[in-house]
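K.L.:
any chance you could fold what I've pasted below:
(one chain, ligands or ions: 1)
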Amino acid sequence: MIQGAPIDAARARELGVIDEVVQGSPRDGGVAYAQKLADEGAPVRRTGDRNTDTAGFSDAEVAEYLKSQARALKGRTTQEKTIAAIKAAVDLPLAEGLKREDELSRASLKDRESEALRHVFFAEREVGKIPGLPPMEAAPIRKAAVIGAGTMGGGIAMALANSGVPTTLIDVSDAALERGLGVVRANYEVTVKRGRMTADELEQRMGLIEGATSLSAAGDADVVIEAVFEDFELKKRIIRELDQVTPAHTILASNTSTLSITELAAETKRPAQVVGLHFFSPAHIMRLLEIVRGAETSNETLVTSLEIARKLRKIGVVSGDAFGFIGNKMMQDGYFREAEQLLLEGASAEQIDKVMEAFGFAMGPNKVNDMAGVDVGTKVREELYKKESRPDPYFVVSDALTAQGKLGQKSGEGVYSYKPGDRTAYPNPATEDLIRKLAADRGIERREISDAEIEERCVLPLINIGAQLLEDGIAYRAKDIDVVWTAGYGFPRHLGGPMFYADTLGLKTVLARIEHYQKQSDYYWKPSPLLVRLANEGGTFEGYDASRA
Ligand SMILES: NC(=O)c1ccc[n+]([C@@H]2O[C@H](COP(=O)([O-])OP(=O)(O)OC[C@H]3O[C@@H](n4cnc5c(N)ncnc54)[C@H](O)[C@@H]3O)[C@@H](O)[C@H]2O)c1
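P.N.:
The predicted structure follows:
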C-alpha cells in the first residue's frame, strides 16, 4: 500500500486479502468454491468481527519502515494518510473506521500530490494516442538487430530479448562483441542472484541474442536499431550500409541522443522507414522510449514504433525532429545549462545538487554529469556547433573538464572527485579553481546564491523550453513532456512533470519570474510566446492539451 505496488493473485491469497484463486472459468470456479463453503457449513464471516494481527505495526516500527523507504517517498505525504487509515481500521469499530478512511481518502483526492500522480498515471496511458494518426496495423517484429554492443546497444538487446524477440547484436570486432555480451550476461546474473530470474531463463534470454561482426548479419531483421558512437559521419555510413543489406520493409532506427533523423533518413532509399528510437540508460530498465519522427517518417513506421515500445513494456512518446528532441533539448539548453551558469555565478556543485535533490530529483545535475561522463555532453555540443551556435557561456566548465581529461566517475575526477571503488562525490578544489577562473575571464561577479534562486533557475527553463516545444510542434501535448521528464529524467512524479508543475505554480507567476531572469540573458530566458499567451489569458497547459484533443 505504501509503495502503491500491485501484488498478484497468488500473493493476495497468501496474505489473506482474497480467499481463493481458481483456474479456468471464473464463474465455474466461483460457483464451485461457494458450493464447497456451503457443503462445509462455513459460518458467516463479518469483516468487522475479524481480528487483525498488528504485529510489526507499532508507531516505532512504522517510523522505522518509513525511514527505510525515505528515498522513494521523498517529498510525498500520501503514505502518512494511508497509515492513518490503516490505524483507524485497526483501532476503531468498523463503522467509525470506515468513516475516518472516507475522510482521509476525500482529503487526499484534493491534494496536489494526488492530482499530480493521477495526471502522470493517465498521461502515460494517453501519450501513445497520436493526434491525426489513422488507425492501422503495426508491422510484425519477428527479428531485430542492434548495431553497437556498448552501454546502450547491450541494454537494448536485453530489452528485446526480455520480450522474446530474437536479436542479432553487431559490433566491429570479436573483442568488442565479447565485452558487450559479457556485460549483458553479467547484468542477467545480477537479476538471477536477486531471485528475479532463474538460471534457465538467463540461458534462454542469452540464447535469443546472437553476436556478429558484420552489418550483413542484420539482413533478416524487421527492425535494426543503431547505437554506435554519437558521431554523425559514422552513423550516416552505417545507415547507408544497412540500407544495402536489409530487405525493403526493414525499419532502420537510430538511438541517437540529439542528431537529425531527417538527415540520416536522407542517406537511404527508404526515408519513410527511418525513425529515432531513443532509449534511456540503462535501456533494459528505463521505461521511456522517445520515438523521433523525421520529416519523411511514415505513419506505418510510427505505429510500428509505438508497438515496439508496447512490446518492450516501455512508454513511447513521439517527438519531432529537432536538436535534442524533447528531453535532451530541455536538459541541455535549460536545466543543465542553467546549473552550469550557477556554478560560474558562485553556487557550489554541492549546493546545487542538494537543492535539486530536495526538489525531488534522485541526483543533482552535477552528479549526473559526472556519472554519465562529462565528455558525453561535450561530444553532443561538438556535433551541435556544426549547425547551430549558442551564446557564451554555454557549458564552458564541462567542456574545459573534458579537455583536461576529467570525465567524471570513470576517470576519478570531474565536477567532483572520487576515490577508487567509491562512487561518493567529494568536493574538487581543482574544479572550483577552474570555475573561478572561467568566471573571472568573463567578468562574472561571484556572489552567494540562495537555494530558492537555484531551484527556480533550474526548473523554470524546463517550463519555458517545454512551452516552446509545444509552440514548434516538437511535442504534441504538454502531458507528453511531463511523461518524458518523469519517466526518463527523474523529474519527481508527485509534482506531475514540469508542465503540470507550471500549472500548479500558476502561469502568470511563472511568466513573471522568467521575465525577472530575462535581464540576465535574453537568449536563454526569452519567454516562449505560447507561455505569454496562456499566462495573459489565465490559461493552463492542461487547458492547452484539452483544446487540442
Ligand atoms: N549512454 C547513454 O546514456 C545514452 C543514452 C541515450 C542514447 N545514447 C546514444 O546511444 C549511442 C551509443 O551510446 P553508448 O553510450 O552506448 O556508447 P558506447 O561507446 O558505450 O558504445 C558504442 C559501441 O558502438 C560500437 N561501434 C562503433 N563503431 C561501430 C561500427 N562501425 N559498427 C558496429 N559497432 C560500432 C563500439 O565498438 C561500441 O561498442 C550514441 O548515439 C549515444 O548518443 C546514449
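
K.L.:
can you tell me how far the closest residue to Asp353 other than its chain neighbours is from the ligand?
P.N.:
Spatial nearest neighbour of Asp353, chain neighbours left out: Gly364 (2.4 Å); criterion: C-beta to C-beta, 6 or more residues apart in numbering. (Glycine included, C-beta is placed from N, CA and C.) Gly364 is 17 Å from the ligand, where distance means C-beta to the nearest ligand atom, to the nearest Å.

K.L.:
my guess is Gly364 contacts Ser348. True?
P.N.:
No - Gly364 is beyond contact range of Ser348, at 11.0 Å (criterion: C-beta atoms under 8 Å).

K.L.:
what about those two, which has more around it?
P.N.:
Shown here are Gly364 and Ser348; by other C-beta atoms under 10 Å, Gly364 has more neighbours (24 against 15).

K.L.:
tell me the contacts of that one?
P.N.:
Going by C-beta atoms under 8 Å, 6 or more residues apart in numbering, Gly364 touches 339, 349, 352-357.

K.L.:
Arg513 touches Glu456, doesn't it?
P.N.:
Yes - between Arg513 and Glu456 there is a contact at 6.0 Å, judged by C-beta under 8 Å.

K.L.:
just the pLDDT at the residue nearest to Asp353, thanks.
P.N.:
pLDDT, Gly364: 97.

K.L.:
please apply the same query to Lys235.
P.N.:
Confidence score, pLDDT, at Lys235: 98.

K.L.:
check Pro93 too.
P.N.:
89.

K.L.:
once you drop chain neighbours, what's closest to it?
P.N.:
Nearest non-adjacent residue to Pro93, counting by C-beta to C-beta, 6+ apart: Gly48, 7.2 Å away.

K.L.:
please tell me how far that neighbour sits from the ligand.
P.N.:
Distance of Gly48 to the ligand, given as C-beta to the nearest ligand atom: 54 Å.

K.L.:
repeat that for Pro492.
P.N.:
21 Å.

K.L.:
from Val31, how far out is that residue?
P.N.:
Distance of Pro492 to Val31, computed by C-beta to C-beta, to the nearest Å: 47 Å.

K.L.:
of the two, who's got more company?
P.N.:
Between Pro492 and Val31, Pro492 has the larger neighbour count (other C-beta under 10 Å), namely 20 against 12.

K.L.:
so that one touches Ala358, yeah?
P.N.:
No - counting by C-beta under 8 Å, no contact exists between Pro492 and Ala358, whose distance comes to 10.4 Å.

K.L.:
that older thread, tally up the residues packed near the residue nearest to Pro93, please.
P.N.:
9.

K.L.:
quick one: the strands in the stretch 151-300 of the chain?
P.N.:
Under the criterion DSSP state E, counting those that start in this stretch, the stretch 151-300 of the chain contains strands at 167-170, 209-212, 223-226, 251-254, 274-279, 288-293.

K.L.:
in a markdown table: those, plus mean pLDDT and mean neighbour count.
P.N.:
Output for the strands of the stretch 151-300 of the chain, formatted as a markdown table (pLDDT from 0 to 100; neighbours: other C-beta atoms under 10 Å):
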| stretch | mean pLDDT | mean neighbour count |
| --- | --- | --- |
| strand 167-170 | 98 | 25 |
| strand 209-212 | 98 | 18 |
| strand 223-226 | 98 | 27 |
| strand 251-254 | 98 | 28 |
| strand 274-279 | 98 | 27 |
| strand 288-293 | 98 | 26 |
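
K.L.:
quick check: residues of this structure near the ligand?
P.N.:
Proximity of the chain to the ligand, by C-beta under 6 Å from any ligand atom, involves residues 147-153, 170-172, 176, 180, 227-230, 234, 238, 255-257, 279-281, 372.

K.L.:
just the buried members of those residues?
P.N.:
With burial judged by 16 or more other C-beta atoms under 10 Å, the buried subset of the residues of the chain next to the ligand is 147-149, 151-153, 170-171, 176, 180, 227-228, 230, 238, 255-257, 279-280, 372.

K.L.:
so which of those sit within helices?
P.N.:
Taking DSSP state H as the definition of helices, those contribute 151-153, 176, 180, 238, 372.

K.L.:
contacts only, for Gly211.
P.N.:
Taking C-beta under 8 Å, 6+ apart as the test, what Gly211 contacts is 149, 168-171, 177-178, 180-181.

K.L.:
for it, which non-adjacent residue is closest in space?
P.N.:
Leu177 is the one closest to Gly211 (C-beta to C-beta, 6+ apart), at 4.6 Å.

K.L.:
swap in Ala217?
P.N.:
Closest to Ala217 by C-beta to C-beta, 6+ apart is Thr168, at 5.1 Å.

K.L.:
ok, the one you found touching Leu215?
P.N.:
No - Thr168 is beyond contact range of Leu215, at 10.0 Å (criterion: C-beta under 8 Å).
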